[in-house]
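>>> Got a sequence here, can you model it:
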Amino acid sequence: MSEPHGTETGTQPLPVVERPAGPALEQAASAADYDPPPVAQGPDGRGGRFWSVRRVPAAVVALLLLLGAGVFLYDVAAVRADRPALHVRRALAHQLALRPLDDTWVLAGAAVTTVLGLWLIALAVTPGLRDLLPMRRTHADVRAGLQRAAAAQVLRDRAMEVSGVRSVRVRMRRRRADVRAVSHFRELDDVRADLDLTLAEAVRGLGLVRPPALSVQVARPGRKG
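As a prediction, this is how the structure comes out:
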């Protein structure tokens, strides 16, 4: 997400407050020793994550099973009709009879089969759709979700409304929202406190089942040149 510059908003430039003489403070991280206000859970309405349909893995598995079943049935029918079995099955049976269990190709085939099996199990037991954050259910028949990018945009817009904030970058995760702001005037602690309050209210307004924790950092713009 690109960071807007102060000249792109179309508003009048804010006055710069002169600071007393002293050591220059160009950058300050503020999230480590500052606890943001708690975010209320809001009305009840729990709901789990959305489950992915996973059409591509399901289609691939179904196609492979269909081909394997078709070849197996054809081979069985050919043997029952007193015709020779498929060359592929005879060659595979011959190789399996000759190669020991510690053979490289046997171990490689077992490893590939194990990885594919674990992958299918993981797809079956995990919901997927990590980019979609579930929202609280106020009606039993309605489920809603919010994209991470949309949630990050909402937090960024609210953060830009805080006085002294020049630019904001928001990284939205499932359990945490990392906010990095640049302030060109006002004390960093004051800007950070206002950001914590504003963003906590914005997170409550998102209506998520699991409101993310806020990690807010405020810094001065770097020197040019």
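>>> what about Asp131, how many neighbours?
The tally of other residues near Asp131 (other CB atoms under 10 Å) stands at 13. Bear in mind the C-beta positions are built from the backbone N, C-alpha and C, glycine included.
>>> continuing past the helix or strand hosting Ala62, what's the next helix or strand?
Using DSSP states H and E, Ala62 falls within helix 55-80. Using DSSP H and E, the helix or strand that follows helix 55-80 in sequence is helix 87-98.
>>> Contacts made by that next one with the rest, please.
Val71, Asp75, Pro84, Val106 (CB atoms under 8 Å, 6 or more residues apart in numbering).
>>> Buried ones from those, can you make that a ChimeraX selection?
To isolate the buried members of these in ChimeraX, using 16 or more other CB atoms under 10 Å:
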select :75
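>>> And the furthest pair within the contacts of helix 87-98?
Pairwise distances among those were taken by CB to CB; the largest, 25.7 Å, belongs to Pro84 and Val106.
>>> Leu146 should be in a strand, yeah?
Yes. Secondary structure of Leu146 (DSSP: H, G, I helix; E, B strand; the rest coil): part of a strand.
>>> ok, it touching Leu206?
Yes. If you go by CB atoms under 8 Å, Leu146 and Leu206 touch, sitting 6.3 Å apart.
>>> who touches both of the two?
Each of Leu133, Met135 lies in contact with both Leu146 and Leu206 under the rule CB under 8 Å, 6+ apart.
>>> how about the strands in this structure?
Using DSSP state E, the strands of the chain run over residues 132-134, 145-147, 165-172, 176-183, 213-219.
>>> With mean neighbour count and mean pLDDT added, can I get the ones you listed in TSV?
Converted to TSV, these look like this (neighbours: other CB atoms under 10 Å; pLDDT from 0 to 100):
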stretch	mean neighbour count	mean pLDDT
strand 132-134	21	88
strand 145-147	15	89
strand 165-172	20	93
strand 176-183	21	93
strand 213-219	20	92
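>>> With distance to Gln153 added, can I get these in TSV?
Formatted as TSV, the strands of the chain follow (distance: least, CB to CB, whole Å):
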stretch	distance to Gln153
strand 132-134	13
strand 145-147	9
strand 165-172	8
strand 176-183	12
strand 213-219	16
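>>> Quick one: closest of those strands to Asp157.
strand 165-172 (8.7 Å).
>>> Show me what the closest one is packed against.
Contact partners of strand 165-172 among helices and strands, from 3 or more CB pairs under 8 Å, 6 or more residues apart in numbering; DSSP states H and E: helix 148-160, strand 176-183.
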